[in-house]
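Student: here is a sequence with its predicted model. Questions after.
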Amino acid sequence: MEELIREVILKNLTLNSAGGIGLEELDDGATIPLGDKHLVFTIDGHTVKPIFFPGGDIGRLAVSGTVNDLAVMGAQPLAIASSLIIEEGFEVSELEKILKSMDETAKEVPVPIVTGDTKVVEDRIGIFVITAGVGVAERPISDAGAKVGDVVLVSGTIGDHGIALMSHREGISFETELKSDVAPIWDVVKAVADAIGWENIHAMKDPTRGGLSNALNEMARKANVGILVREEAIPIRPEVKAASEMLGISPYEVANEGKVVMIVAKEYAEEALEAMKKTEKGRDAAIIGEVIGEYRGKVILETGIGGRRFLEPPLGDPVPRVC
């Protein structure tokens, strides 16, 4: 996918910036300077199998994904557009269920869904939901701003979405049902910004496709820094650990749909953590590591027994069609 984007898409789309963060940066969205503020714009296509899963559905996934891409760039969501591509014969009752879920999720932020497009096709695709969002930021935040000495936080348990979907597909059950974490996280990001100021949040990432591992590696590579994370500090639910072992999948490499990886100035780390924990979606937040000057462009995982190894980005998607 990375090769396709860099070698095909970027090479053929040359007018790719509106004066701010543009396509070449491959961030969670783009910024458009507008006076003393910036518009932030993002778009994403959502395909998931099954379309209804424990903890959510494709509608909640689509709205949350777009809101979260805006949030991690420091932008308050203003409006969303939605495009539905639906296979002929798709059940109207299921479509209504998806639309109601989108509406409820949008009200949770709140952010209005103001325009859209609908296509019905003969192909056996089920339903694809494409959402675009626009927000406004006083100080846009990229995923490339990490500085040596900074501290790395994650807003909650990781691996919930990808492992929940894979367990559901494979029919693995637990006493406590695994559920996706899919949710909009603007409230978590805003709580931290209110507590420590936007200027002390140096980088953020929405750890969706490729999970925590991919997000951290992108942040390290773009900022040309090393990132050291401690395995024992990374919050993972026991049932996610158990399912990961049964399925042979690393929870570090699967999608999360309701979390933020945040890198902040060291002196504000505890305040940022406290602000996260005061929110409902951030109650399991944790400080998981720091930014270092060694191993630039790499992520180092310190294991529970004191060893260290590289936490490599995933070579492929271990759980396809989850976001």
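Tutor: Ah, there it is.
Student: distance of residue 3 from residue 9?
Tutor: Separation of residue 3 from residue 9 (CB to CB, to the nearest Å) stands at 10 Å. Every residue, glycine included, has its C-beta placed from N, CA and C.
Student: for residue 15, helix, strand, or coil?
Tutor: Taking DSSP: H, G, I helix; E, B strand; the rest coil as the rule, one finds residue 15 in the coil state.
Student: what's the spacing between it and residue 289?
Tutor: Taking CB to CB, one finds residue 15 at 38 Å from residue 289.
Student: more neighbours, those two?
Tutor: Taking other CB atoms under 10 Å, residue 15 and residue 289 do not tie; residue 289 has more neighbours (24 against 7).
Student: beta partners of that one?
Tutor: For residue 289, the beta-bridge partners under DSSP bridges are residue 152, residue 229.
Student: where does pLDDT dip in the chain?
Tutor: 174-176 (pLDDT under 70).
Student: let's see it at 80
Tutor: Where the chain drops to pLDDT under 80, the residues are 172-177, 316-321.
Student: so for it, which residue is the most central one in space?
Tutor: Nearest to the mean C-alpha position of the chain, by CA atoms, centre = their mean, lies residue 206 at 2.5 Å.
Student: quick one, what contacts that one?
Tutor: Residue 206 makes contact with 28, 65, 68, 69, 71, 72, 215, 259, 260, 261, according to CB atoms under 8 Å, 6 or more residues apart in numbering.
Student: just send those back as a markdown table, with neighbour count and distance to residue 96 too.
Tutor: Compiled in a markdown table, the contacts of residue 206 are given as follows (neighbours: other CB atoms under 10 Å; distance: CB to CB, whole Å):
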| residue | neighbour count | distance to residue 96 |
| --- | --- | --- |
| 28 | 25 | 30 |
| 65 | 25 | 21 |
| 68 | 31 | 25 |
| 69 | 25 | 26 |
| 71 | 31 | 28 |
| 72 | 29 | 31 |
| 215 | 27 | 34 |
| 259 | 32 | 29 |
| 260 | 26 | 31 |
| 261 | 26 | 35 |
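Student: from those, which single one is nearest residue 278?
Tutor: Here the nearest of the contacts of residue 206 to residue 278, counting by CB to CB, is residue 260; it sits at 14.8 Å.
Student: dump the residue contacts of the closest residue to that closest one other than its chain neighbours.
Tutor: Computed as CB to CB, 6 or more residues apart in numbering, the closest residue to residue 260 that is not its neighbour in sequence is residue 155, at 4.8 Å. Contact analysis of residue 155 by CB under 8 Å, 6+ apart lists 185, 188, 259, 260, 261, 262, 276, 281, 282, 284, 285.
Student: hang on, the first one packs against residue 256?
Tutor: Translated: residue 185. No: applying CB atoms under 8 Å, one finds residue 185 not in contact with residue 256, separated by 10.0 Å.
Student: please identify which of the two sits among more neighbours.
Tutor: The residue with more neighbours, out of residue 185 and residue 256, is residue 256; 31 against 28, by other CB under 10 Å.
Student: before we move on, what SS does the residue lying closest to the more buried one once chain neighbours are set aside have?
Tutor: Nearest residue to residue 256, sequence neighbours excluded (CB to CB, 6+ apart): residue 207, at 4.8 Å. Three-state assignment for residue 207 (three-state DSSP): coil.
Student: tell me, how many residues neighbour residue 207?
Tutor: 28.
Student: what do you get for residue 31?
Tutor: Residue 31 has 26 nearby residues by other CB under 10 Å.
Student: that one bridge partners, please.
Tutor: residue 40.
Student: next structured bit after the host helix or strand of residue 202?
Tutor: Counting by DSSP states H and E, the element that carries residue 202 is strand 201-205. Beyond strand 201-205 on the C-terminal side, the first helix or strand identified by DSSP H and E is helix 211-223.
Student: ok, residues contacting stretch 102-113?
Tutor: Applying CB under 8 Å, 6+ apart, the contact partners of stretch 102-113 are 59-60, 62-64, 67, 77-82, 129, 133, 183-184, 186.
Student: distance-wise, check the residue nearest to residue 256 relative to residue 216.
Tutor: 8 Å.
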